[in-house]
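Trainee: quick check, what structure comes out for this input:
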Amino acid sequence: MLYGEQLRAARALLRWTLKDLSAKASAIEPVSSDALKKWEATDGPIRGINTKIDAVVKVLEAAGVELLNSDAPGARLRKAG
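Mentor: Coordinates of the predicted model:
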């Protein structure tokens, strides 16, 4: 499950624009900047097409983001090495 808060935090950690994330995720499954903007405005779990959400998660994780899903969902960068 991906939360709007996590998506905002992850993109900020990577210093990516909505366009950057859209382009990278769209290599797996088309995801528009407008959809990402809507998802980021969500407080709580993102609702959408699972394949699109999965593509975004894969791209973020490949870039080094860890999505934390405990009682306080968040995001952090993996340690180098």
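Trainee: first-to-last residue distance for stretch 24-33?
Mentor: For stretch 24-33, the first-to-last residue distance is 11 Å (C-alpha to C-alpha, to the nearest Å).
Trainee: now do stretch 27-46
Mentor: One end of stretch 27-46 sits 21 Å from the other (C-alpha to C-alpha).
Trainee: what's the spacing between that stretch and its chain's center?
Mentor: Put simply, stretch 27-46 sits 8 Å off its chain's centre (C-alpha atoms, centre = their mean, to the nearest Å).
Trainee: and what of stretch 70-78?
Mentor: Mean C-alpha position of stretch 70-78 versus that of the full chain (C-alpha atoms, centre = their mean) differs by 12 Å.
Trainee: look up how far P30 lies from E5.
Mentor: As judged by C-beta to C-beta, to the nearest Å, E5 and P30 stand 24 Å apart. No exception for glycine: its C-beta is placed from N, CA and C like everyone else's.
Trainee: those two: which has the busier surroundings?
Mentor: More crowded of E5 and P30, by other C-beta atoms under 10 Å: E5, with 17 against 13.
Trainee: just say helix, strand or coil for the more buried one.
Mentor: helix (DSSP: H, G, I helix; E, B strand; the rest coil).
Trainee: what sits against it?
Mentor: Contact analysis of E5 by C-beta atoms under 8 Å, 6 or more residues apart in numbering lists D43, P73, G74.
Trainee: return the member of those nearest to L36.
Mentor: D43 (15.5 Å; C-beta to C-beta).
Trainee: got a list of what the nearest residue in space to the closest one that is not next to it in sequence touches?
Mentor: Take D43 and drop its neighbours on the chain: the residue closest to it by C-beta to C-beta, 6 or more residues apart in numbering is G4, 5.8 Å away. If you count contacts by C-beta under 8 Å, 6+ apart, G4 has them with W39, E40, A41, T42, D43, G44, I46.
Trainee: report how many residues lie close to the first one.
Mentor: This means W39. Neighbour tally, W39, other C-beta under 10 Å: 21.
Trainee: just the fourth one next, same as before
Mentor: The criterion is other C-beta under 10 Å. On that basis, T42 has 16 neighbouring residues.
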